[in-house]
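Below are the sequence and a predicted model for it; my questions follow.
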Amino acid sequence: MELDNATIKRLRGIGHELKPIVMIGNKGITPTITEEIDRALTDHELIKIKLPAGTKEERDVIGAELAKAANASLIHSIGRMALLMRQNPNANPKLSNLSRHAQ
């Protein structure tokens, strides 16, 4: 999904206030991690993930792999944090970060 710059800027602003929901450990991307990211995206639509230590290139690859595995968009990646988004038309407004921060 292609997003315009204004939308990306708004999503990054929302993501700045979020705490990481999923933290990737030394084992990397496992089926359990993928399932948890999928569940979190279904509930929250916009999530922050803490990536493992490594070089910038390694973290960029992990972020892209996570987005592809979850059928989501990688909104932003900085340091050890990645921001993923996948819209859910049936999202619970009390859980969805997009609904709660809509303006």
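Sure thing, it's come through.

Would you quantify the distance from A40 to Q87?
According to Cβ to Cβ, to the nearest Å, A40 and Q87 sit 14 Å apart. All C-beta atoms are positioned from the backbone trio N, CA, C, and that covers glycine.

I figured P93 hits R100, correct?
Yes: P93 is within contact range of R100, at 7.3 Å (criterion: Cβ atoms under 8 Å).

Between these two, tell me which one has more neighbours.
R100 (13 against 9; other Cβ atoms under 10 Å).

in the sheet, who's paired with the spatially most central residue of the chain?
Centroid-nearest residue in the chain, with Cα atoms, centre = their mean: L84, separated by 2.2 Å. Beta-bridge partners recorded for L84 (DSSP bridges): I47, L74.

what residues are up against it?
Neighbouring residues of L84 by Cβ atoms under 8 Å, 6 or more residues apart in numbering: 37, 41, 46-47, 49, 66-67, 70, 72-75.

wouldn't T42 be in contact with N92 here?
No: between T42 and N92 there is no contact under Cβ under 8 Å: 9.5 Å.

more crowded one of those two?
T42 (16 against 12).

Now that one: closest residue in space, sequence neighbours ignored.
N88 (5.7 Å; Cβ to Cβ, 6 or more residues apart in numbering).

was I right about N71 contacting R86?
Yes: with contact defined as Cβ under 8 Å, N71 counts as touching R86 (6.3 Å).

who's more crowded, the two?
R86 (20 against 10).

next one: phi and psi at the more buried one?
phi -150, psi 120 (degrees, to the nearest 10).
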